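>>> The following block contains a protein sequence and its predicted model.
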Amino acid sequence: GNSVTQMEGPVTLSEEAFLTINCTYTATGYPSLFWYVQYPGEGLQLLLKATKADDKGSNKGFEATYRKETTSFHLEKGSVQVSDSAVYFCALIKGFGNEKLTFGTGTRLTIIP
Amino acid sequence: KAGVTQTPRYLIKTRGQQVTLSCSPISGHRSVSWYQQTPGQGLQFLFEYFSETQRNKGNFPGRFSGRQFSNSRSEMNVSTLELGDSALYLCASSLGHGSTAGELFFGEGSRLTVL
């Protein structure tokens, strides 16, 4: 079946540091890939997505590139801020006509001023 | 535009009871999905409804059920509650078709504690 593997957290960085959160997936064919973010006390929000190989999703300074050859969708940001502290989830969806997302376990990110 | 609204936000039940959670999607959204979030299992898909029909179902026992009304509002029900059902239950709405597949808008969740 489909699965998503994320790097274990928690991750703690200083403000303005470079961020990478690794995500790899297992799925047949060509899933669509997503990063969602969950701020404390809130539901999840879509951060970015990519629907085909070599697509780059970007939003709020975050980027992730759909790499079919390595089945990866790593999240990156060049300079993190305290406000980026949250839990980040990698996810995939396979096929059409459904909204069944398969999520990774989440990576908790804390940014220190 | 109003977001996804879930009620109640917090509730405490005892083992053996049942619970009903409600979700009002974003206006115009026809798909409503439910997820269970726990520290141990992460986010697990429960089911999805689209235009009042269950379109997809996760691997949960029959004690977990749901429905969707003609105005797209959805409810989920858990009967004969067990301690392990303690979790944050998240509802998400979406257009449910085409190029927006997977673009879900989540509510803040209903936190269920089973004692």
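Noted; the coordinates are in hand. Remember, it's a predicted structure, so these values are computed and weren't measured experimentally.

>>> C-alpha only now, for contacts and for neighbours.
Will do.

>>> what's the nearest residue to B:Arg73 if we skip its chain neighbours?
In space, B:Arg73 comes closest to B:Ser24 once its chain neighbours are excluded; the distance is 4.7 Å by Cα to Cα, 6 or more residues apart in numbering or on different chains.

>>> so the one you found touches B:Gln6, yeah?
Yes: assessed by Cα atoms under 8 Å, B:Ser24 is found in contact with B:Gln6 at 6.4 Å.

>>> Point me to the residue of chain B nearest chain A.
B:Glu108 (4.2 Å; Cα to the nearest Cα).

>>> What residues does B:Ala2 make contact with?
B:Ile26, B:Ser27 (Cα atoms under 8 Å, 6 or more residues apart in numbering or on different chains).

>>> thinking again about what came up before, hang on, the residue of chain B closest to chain A is in a strand, isn't it?
No: judged by DSSP: H, G, I helix; E, B strand; the rest coil, B:Glu108 forms no part of a strand; its state is coil.

>>> ok, so what distance separates it from A:Pro40?
Per Cα to Cα, to the nearest Å, B:Glu108 is found 10 Å from A:Pro40.

>>> out of those two, which sits in the busier spot?
The neighbour comparison of B:Glu108 against A:Pro40 (other Cα atoms under 10 Å in any protein chain shown) goes to B:Glu108, with 21 against 10.

>>> check contacts around the closest residue to the more buried one other than its chain neighbours.
Using Cα to Cα, 6+ apart and skipping the chain neighbours, the partner closest in space to B:Glu108 is A:Gly43 (4.2 Å). Listed by Cα under 8 Å, 6+ apart, the contact set of A:Gly43 reads B:Leu90, B:Phe106, B:Gly107, B:Glu108, B:Gly109.

>>> which ones are touching the fourth one?
Spelled out, it's B:Glu108. A:Gly41, A:Glu42, A:Gly43, A:Leu44, B:Val4, B:Thr5, B:Gln6, B:Arg9, B:Leu90.

>>> that older thread, which single one of the contacts of A:Gly43 is nearest to A:Phe89?
B:Phe106 (13.3 Å; Cα to Cα).
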